[in-house]
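A.B. asks: below are the sequence and a predicted model for it; my questions follow.
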Amino acid sequence: MKKLLLLTVFMSFTLFVVAQDITVSGKITDDNGSAIPGVNIAIKGTGKGTLTDLDGKYSVKTTSDATIVFSFLGYKTQEIELEGQSTLNLSMVESTRELSEVVILGSRSQGRTKLETPSPVDVIKIDEMSQNMPQMDLAQMLVATAPSFNAVRSQGGDLNSHVDPPTLRGLAPNQMLVLINGKRRHTSALLNASQTGSSANAVDMSFIPAAAIERVEILRDGAAAQYGSDAIAGVMNVILKKGSGKLTGSLTMGGYPNYAPDFGDSDLTEDELSLTRETDPDGFNYQFAANYGFDFKNGGYLSLTGLLRQDKRTIRPTVLALSRSPLYDNTYLNNERTDINGNPIITNPELVAALADGNTALASELTTVEGLMNARGIDQLDVATYAGQPAINLGGMAFNLGLPVSEDIEFYAYGDIGYKHVEGFSCFYRRAGQTDRSNFDLYPNGFRPQIYTDQANTAFTTGMSGKLGDYNFDFSNTFGRNAMRFGMFNTFNASLGSTSPIDMDLGKHSFIQNTANVDISRYFDDVLSGLNVAVGTEMRVENYSIEAGQPESYAAGTIGIFTATEDNQLLIGPDGFPLEDLGANPIVDENGNPMVLEHAGVSQTIVKNYSLNNQCFRGFGPENESNEFRSVTAAYVDVELDVTEKFLIGVAGRAENYSDFGEVLTGKVTSRYSITDDFAVRGSYSSGFRAPSLQELNYSHTFTFFVDLVPFDGTQYPNNSTAARVIGIGPLQEEKSTNISFGFAAKLFKKLDLTVDAYKIDIRDRVFSTSEFDAGEAPVLEPVIGAGLASFRINGGDISTQGIEIVANYGTRLGAGNLDVTLSGIFRENKFEGANVPDLNTNLTDDELRDKYVDRGSIGQFETGTPNTKMIASATYTIGKLSTMIRSSYFGQVVDRDTRTRTLLDGSEGFADQTFDPQSTIDLGITYNVTPNIRITVGGNNIFNKYPDIRRFERRTFYLYSNYQQGSAGAYYFGRVGFTF
């Protein structure tokens, strides 16, 4: 009994000693004995840790049986068990593998780094770089780091600012495929404009929280044979975080000081100069994001991410001179308007009061636009057309789960859910002088309609992957849905008069995609230097629907229609004079006599031709409703053979069948040859395609557009419509492409990674939108469109793009710190090769029809609408607790081509084309680690407040600035608090 008692006491003491708290200290050096500051020292499984100081020294409290993890960029990560040690010095070993990440994209063979792939792949470590970056959302982060990637933030224009469409290599948003963990991502339901010549539907990347992402891989090569439709320009793969055992997050706040640029000797008038110089800060935004990664003992993981974001709008108004955009017309100023029965409408009560008081001087002043605006306390800025970034409220959650089923098999699931409310500037200011689009009772001084969307997004993937014998397998199912409800406030339907709602539901769009995949591969190490064979199938079902809005948003009201109340009724007012139209012109017959309506209750005529539908953006009506499905089946083979340790050949083929237009076959050949261990050449040739989306095939809408501030109503008709059939527009077909690339990858001086790749992509049957046809140009349309206008989507022509991409990364020790430098750029040329104009039923000449089919504006957008040159130089220096990032971005010139001839400012006739000069911006981020757990970052985007050129006088109506280089918001400054526990 005594021996048992002594043994129990001894064991308890031993356990106490083993588990007691101790302080561990030491010094971290490189293989030359130099101290390394800023090394991350983590106590495994606890979230606790510290960093080494400038002398490479550290001190941390932990338990005597803990495991310490030492990590630093460019060095091999090491884990060391303490086993009671209180002093632990370490010499870290450089690891080139740490700098050359293994990539998933572009090769189904395992274990290739980005320098070993046969096609160029960018690897962007979102998890590491996001702390220093001014940008908060994924798309803008990629714009700042990858020259080939772009995502224009529209200043307005209907729904264009509600989704930032991402593009690659200057091609369309729908010619880049987006994957999440290697699985196809669904697109937005919205079909919106892009600066590449045609509207397109794109993946809305704002719903993918950056805090959930480990890295992004961008394959800059055609890959339709490997991944399917859309992968013409390339593929982007988002890799989600796994378990980390840590809680990480950040709170970011920032805004735009809105300092007006120096317009110099621009053609702005004196009034425009003074009114456009608005200096109140705006665009304040706030974002809280957090991620926690669970590490399970069985090797599983769970990553959870949450995101809350609010962006206030920016306002960059286009203020026009009074003479160009008068708020009132003469009928308004002089109280000359009447209702449908001829009764007077008093629109200038100030004038009535002045005349009653006998104040003739004031009365004279009140009959001028400026005089009445002054009397009502209104200036031109109040009634300007607003452009700017939209107001956004966004919330979302994401998860990534992996659970081992056995030693070789894992169940996985990941997904995200999000909600976004966007209010954007989309409309010209409706002036009170626009008699057909104004209403004195609702908006005595006109109004500025604003459009909004409520967007809901869901994505969910489940699957099983692993190894059975010598075979790797991956079975998965991916579901995605994007729904968008459209609305507008501060508007009305003029044809309904004062009874019209002023906040309307415009309808709803929804896109659903479900994709099932089976992927199987095997590696044969006994075939030459290695053979990897991958095969797979895909089954995809898609659905696109349009639901109508409330009737008032698309209805043709009767407030302007006069119906006879008696037989042979004269159209005269209470004063005995003929009724007048909206221009105060009498409604008379050819002899000047009042019109006569013969039959009571039957005979009608339009007296007041009020604009129909909701102002600015017509609601979707029953004729626009759609609910279309299609299925897609595909199978592929992807083979990579290492002929020798230096020579790689890859061949891929894919067959796809679409239920709505048939079969497509694509192929790809790649090769890579290592001349030395540090230098390799590579190249590829592939065919590709892009199937027209359900949105392109089925979208229809009536819209308002302006020519010299004059409104016109037009309708975009689907290709299966009566309008398309009678004019001779056929069904949309797939776009087909060929892609050839050649380049090299090198590692120089052990610290410099350099890749240079040249490419050329030819695309046949590119989808464009026609200009508007009227019944005069195409009489066969008259029974369908009446006095309206019609446009269509067509396989308009052939295009090509070619260019050179350069990426250089260099990392080294500099003094007591670590320096990482990246230089990258793209130099490309886009070319419209020619239009594919069919024989349409019009009375236009061949030249007129060609210009109408694909107009010079659309061609110009593709060829020169975005910078053909973009270069980025960035440097990050880390020393101790301080890290500084500075980035310079260069955007080449942009040429905006006019769509028609017009009277220019000098009085001549011609196109108002404009060349916008190249632009450069500087971003800055400075991070200080207050403690091992808390970081503070300050900095900015475009810190020197560089604005693009203003648009020339003839084109300066909605937008004041060009928006296709660095954007037009000006400087942005931010502060961020980051944490890790």
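C.D. replies: Cool, the structure landed. Residues are numbered from 1 along each chain as shown.
A.B. asks: the longest strand in this structure is where?
C.D. replies: Longest strand in the chain by number of residues (criterion: DSSP state E): strand 789-814.
A.B. asks: so for that one, mean pLDDT?
C.D. replies: What strand 789-814 shows for mean pLDDT is 93.
A.B. asks: what comes up buried for stretch 467-482?
C.D. replies: For stretch 467-482, a neighbour-count test (16 or more other CB atoms under 10 Å) marks 472, 473, 474, 476, 478, 479, 480, 481, 482 as buried. From N, CA and C alone the C-beta is placed, and that goes for glycine too.
A.B. asks: save those as CSV, and put in distance to residue 807 and secondary structure too.
C.D. replies: As requested, the buried residues of stretch 467-482 are exported to CSV (distance: CB to CB, whole Å; DSSP: H, G, I helix; E, B strand; the rest coil):
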residue, distance to residue 807, secondary structure
472, 30, strand
473, 34, strand
474, 30, strand
476, 31, strand
478, 30, strand
479, 35, strand
480, 31, strand
481, 36, strand
482, 32, strand
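A.B. asks: how about the helices in the stretch 851-981 of the chain?
C.D. replies: Using DSSP state H, counting those that start in this stretch, the helices of the stretch 851-981 of the chain run over 856-864.
A.B. asks: actually the stretch 301-450 of the chain, sorry about that
C.D. replies: Remark: helices assigned in the stretch 301-450 of the chain by DSSP H, counting those that start in this stretch are 330-333, 349-356, 360-366, 369-375.
A.B. asks: residue contacts, the most centrally placed residue in the chain?
C.D. replies: Nearest to the mean C-alpha position of the chain, by CA atoms, centre = their mean, lies residue 164 at 1.8 Å. Residue 164 makes contacts with 139, 140, 151, 152, 153, 154, 204, 205, 206, as judged by CB atoms under 8 Å, 6 or more residues apart in numbering.
A.B. asks: just the closest of those to residue 916, please.
C.D. replies: Closest approach to residue 916 among those (CB to CB): residue 152, at 13.6 Å.
A.B. asks: need the pLDDT of the closest one.
C.D. replies: Residue 152 is assigned a pLDDT of 79 by the prediction.
A.B. asks: OK, contacts around it?
C.D. replies: Under the criterion of CB under 8 Å, 6+ apart, the contact list for residue 152 reads 164, 165, 194, 195, 866, 963, 964, 967.
A.B. asks: farthest-separated two in these?
C.D. replies: Maximum pairwise distance among the contacts of residue 152 (CB to CB): 15.2 Å, between 194 and 967.
A.B. asks: circling back: residue 219 is nearest to which of the helices of the stretch 301-450 of the chain?
C.D. replies: helix 369-375 (56.8 Å).
A.B. asks: how about the closest one, which residues are buried there?
C.D. replies: Under the neighbour-count criterion of 16+ other CB under 10 Å, helix 369-375 has 369, 371, 372, 373 buried.
A.B. asks: and which of these is nearest residue 83?
C.D. replies: Closest to residue 83, out of all of those and judged by CB to CB, is residue 373, at 83.1 Å.
A.B. asks: picking up where we left off before, make TSV out of the contacts of residue 152 and add pLDDT.
C.D. replies: Below are those laid out as TSV (pLDDT from 0 to 100):
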residue	pLDDT
164	86
165	88
194	68
195	70
866	90
963	79
964	82
967	86
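A.B. asks: top of these by neighbour count?
C.D. replies: Within the contacts of residue 152, most neighbours by other CB atoms under 10 Å means residue 165, with 29 neighbours.
A.B. asks: list the contacts of that residue.
C.D. replies: Applying CB under 8 Å, 6+ apart, one finds that residue 165 lies in contact with 151, 152, 173, 192, 194, 200, 202.
A.B. asks: are any of the contacts of residue 164 buried, and which?
C.D. replies: Members of those classed as buried by 16+ other CB under 10 Å are 139, 140, 151, 152, 153, 154, 204, 205, 206.
A.B. asks: re the thing from before, mind listing what the nearest residue to the residue nearest to the centre of the chain once chain neighbours are set aside touches?
C.D. replies: Nearest residue to residue 164, sequence neighbours excluded (CB to CB, 6 or more residues apart in numbering): residue 151, at 4.5 Å. Counting by CB under 8 Å, 6+ apart, residue 151 makes contact with 139, 140, 142, 143, 164, 165, 166, 167, 205.
A.B. asks: in a strand, the fifth one, correct?
C.D. replies: No - in this structure, residue 164 is coil, not part of a strand, as judged by DSSP: H, G, I helix; E, B strand; the rest coil.
A.B. asks: separation between the residue nearest to residue 164 and residue 139?
C.D. replies: Residue 151 sits 4 Å away from residue 139, going by CB to CB, to the nearest Å.
A.B. asks: give me the common contacts of these two.
C.D. replies: Both residue 151 and residue 139 are in contact with 164, 166, 205, where contact means CB under 8 Å, 6+ apart.
A.B. asks: same list (the contacts of residue 151) but as TSV, adding distance to residue 644.
C.D. replies: Supplementary listing: the contacts of residue 151 in TSV, determined by distance: CB to CB, whole Å:
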residue	distance to residue 644
139	41
140	43
142	36
143	40
164	45
165	44
166	39
167	38
205	41
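A.B. asks: among those, which one lies nearest to residue 586?
C.D. replies: residue 165 (50.6 Å).
A.B. asks: give me the phi and psi angles of that closest one.
C.D. replies: Note on residue 165: backbone dihedrals following degrees, to the nearest 10 are phi -80, psi 120.
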